[in-house]
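Asks: Predicted structure and sequence below. I'll ask about it afterward.
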Amino acid sequence: MSDHILNHFNKLKAKGLNIDITRGKPESKQLDLSNELLSMDIAPYSSGVDLRNYGEPLGLMEARMLGSDLLDAPVENIITGEQSSLLLSYQFLLSHYLFGKNIAWKDLDKPKFICPVPGFDRHFRMFEDLGLEMISVPLSEQGVDIKSLRKVLNQEKNIVGMICVPRHSNPSGEVYSDQNILDIFEATTDYSDDFIVLFDNAYLVHDFLPTSKQSSIWELADKSNALHQAVCVTSFSKVTFGGGGLSFLAAAEKNLELIKRIRTSMVICPDKINQQKHIEFFKDKDAIIEHMKKHADLVRPKFETAYSILESIPSDYGTYSKPTGGYFITYVTKKPIATRVVELCKDAGVLITPAGATFPYGKDPFNNTIRIAPTFVNEADLKLAMDIFISAVQIAHSEY
């Protein structure tokens, strides 16, 4: 490493910066796109339903129809919930933990869940809460590494399910191919008819570059005779407002009955006023797609800025993902230095997701994977943050 890089890093460090690129949050300009929701006047009644009162536990029919359109699943299999796909996922997992389709997971000896890696730290936290042992399998360009998946299924007992982010996977950006999803259903059905594949499609409509076509999860599950296995969730958390949007779940048979059961205990009724606002704001899927093009125009330049700076260091130091949608870039160092890179960045005033967070139990076996979230900060701060990041990579690489 040249003295120039170290001197440059120290000059940046002396600026006393405070830049946070830990989480994939929309910037304020993206949130402004939905400000109409804040002042929207709606009537207290819709299709004979009093929006102010109890009732409609599965969501307003028009909201469920919107979810049906998004997930390409029958409206009778849709629940419209609140807040986030993460909340619906947690409720669904809890229903299986407490009750189960045939046996409650809490009554099994060391129940396990398969987690493709790198993955979403909040997913891992759910499994830890429920005492589900996590087993990692790697991702490939096409999705889950099927050979590794089959190997785990052949070796382990009491695996109850698997979680996937099939479009713009968090954090490395993979878009699962149709064949990969079909192969997942084939492998897991062979393992157990009770096996659950939970698809968190949080980035279903979050393309910012041309993205390969992907059939709906429902269509592929139906084709595989695996509707009894597949559960798919999505939300408007990064479409309208964080924590203030709608969420949707598609499930069939016992899975649908279980999520209904747990929500009947937990949720007195959904926020129908917010549902009606979103119905009037969007009307249909085409309106959502047009809305998301505006998001893309704000998000794309951030990623292009990050790419342009990451390109300035040779691939000898590491490689990075170039997703076509979603909210993250993954940098993989050539040496086991991720922890040191994050530490150096923090010393210089740039906060990055802790090394290891994208793996179960916070333990990256190779200590080389780093998640970057470029969307929340302004362009000037992003350039400074990425400059510090690439300097930290080079310093840590030379130190090792």
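Replies: In hand now; what should we look at? Numbering: from 1, shown residues only.

Asks: Low-confidence regions, the stretch 201-350 of the chain specifically.
Replies: Nowhere does the stretch 201-350 of the chain drop to pLDDT under 70.

Asks: how about the helices in it?
Replies: For the stretch 201-350 of the chain, the helices defined by DSSP state H, counting those that start in this stretch cover 217-223, 253-266, 272-282, 285-310, 338-347.

Asks: ok now the last one, how far from the chain's centre?
Replies: Same thing as helix 338-347. Distance, stretch centre to chain centre, for helix 338-347: 24 Å (Cα atoms, centre = their mean, to the nearest Å).

Asks: What is that helix packed up against?
Replies: Packed against helix 338-347 by the contact rule (3 or more Cβ pairs under 8 Å, 6 or more residues apart in numbering; DSSP states H and E) you find strand 350-352, strand 369-372, helix 379-399. To be clear about C-beta, it is placed using only N, CA and C from the backbone, and glycine gets the same treatment.

Asks: one more time with 7 Å, if that's ok
Replies: Counting contacts by 3 or more Cβ pairs under 7 Å, 6 or more residues apart in numbering; DSSP states H and E, helix 338-347 is packed against strand 369-372, helix 379-399.

Asks: Over to the third one?
Replies: Using 3+ Cβ pairs under 7 Å, 6+ apart as the contact criterion, the secondary-structure elements in contact with helix 272-282 are helix 36-39, helix 61-71.

Asks: Can you list the neighbours in contact with the helix or strand following the shortest one?
Replies: To tie it back to what came earlier, the one meant is helix 36-39. Past helix 36-39, further along toward the C-terminus, the next helix or strand under DSSP states H and E is strand 45-46. Applying Cβ atoms under 7 Å, 6 or more residues apart in numbering, the contact partners of strand 45-46 are 51, 60, 276.

Asks: Check stretch 181-191 too.
Replies: For stretch 181-191, contacts defined as Cβ under 7 Å, 6+ apart pick out 143-144, 146, 149-150, 153, 159, 162, 166, 195, 197, 217, 220-221, 223-224, 226, 229.

Asks: PyMOL command to pick out the buried ones of the residues you listed?
Replies: Applied in PyMOL, the following selects the buried portion of the contacts of stretch 181-191 according to 16 or more other Cβ atoms under 10 Å:
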select buried, resi 143+144+146+149+150+153+159+162+166+195+197+217+220+221+224+226+229
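
Asks: roughly how far out does stretch 164-181 sit from the chain middle?
Replies: Taking mean C-alpha positions (Cα atoms, centre = their mean), stretch 164-181 and its chain are 10 Å apart.

Asks: ditto for stretch 248-259
Replies: Mean C-alpha position of stretch 248-259 versus that of the full chain (Cα atoms, centre = their mean) differs by 20 Å.

Asks: could you turn it into CSV, dropping everything but the C-alphas?
Replies: Output of stretch 248-259 as CSV, limited to C-alpha atoms (Å, rounded to 0.1, in the frame of the first residue of the first chain):
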residue,chain,number,x,y,z
PHE,A,248,-49.6,-8.9,1.4
LEU,A,249,-49.4,-12.6,1.9
ALA,A,250,-50.3,-15.4,-0.5
ALA,A,251,-50.8,-18.9,0.9
ALA,A,252,-52.9,-22.0,0.3
GLU,A,253,-54.5,-24.8,2.3
LYS,A,254,-53.3,-25.2,5.9
ASN,A,255,-50.7,-22.4,5.6
LEU,A,256,-53.5,-19.9,4.9
GLU,A,257,-55.5,-21.3,7.8
LEU,A,258,-52.6,-21.0,10.2
ILE,A,259,-51.8,-17.4,9.4
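
Asks: returning to that earlier point: hey, which of the helices and strands packed on helix 272-282 is tucked in deepest?
Replies: Ranked by mean neighbour count under mean count of other Cβ atoms under 10 Å, the helices and strands packed on helix 272-282 are led by helix 61-71, which reaches a mean of 22.

Asks: Give the other helices and strands that that one contacts.
Replies: Using 3+ Cβ pairs under 7 Å, 6+ apart, helix 61-71 sits against strand 78-82, strand 230-235, strand 246-250, helix 272-282.

Asks: Dump the longest one to PDB, restricted to CA.
Replies: Written as PDB, here are the backbone C-alpha positions of helix 272-282 (Å, rounded to 0.1, in the frame of the first residue of the first chain):
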ATOM      1  CA  LYS A 272     -58.800  -0.200   6.800                       C
ATOM      2  CA  ILE A 273     -58.400   3.600   6.500                       C
ATOM      3  CA  ASN A 274     -54.800   3.200   5.400                       C
ATOM      4  CA  GLN A 275     -55.800   0.400   3.100                       C
ATOM      5  CA  GLN A 276     -58.400   2.600   1.500                       C
ATOM      6  CA  LYS A 277     -55.900   5.500   1.000                       C
ATOM      7  CA  HIS A 278     -53.600   3.100  -0.800                       C
ATOM      8  CA  ILE A 279     -56.400   1.700  -2.900                       C
ATOM      9  CA  GLU A 280     -57.300   5.200  -4.100                       C
ATOM     10  CA  PHE A 281     -53.600   6.300  -4.400                       C
ATOM     11  CA  PHE A 282     -52.600   3.400  -6.700                       C
END
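
Asks: All set, thanks.
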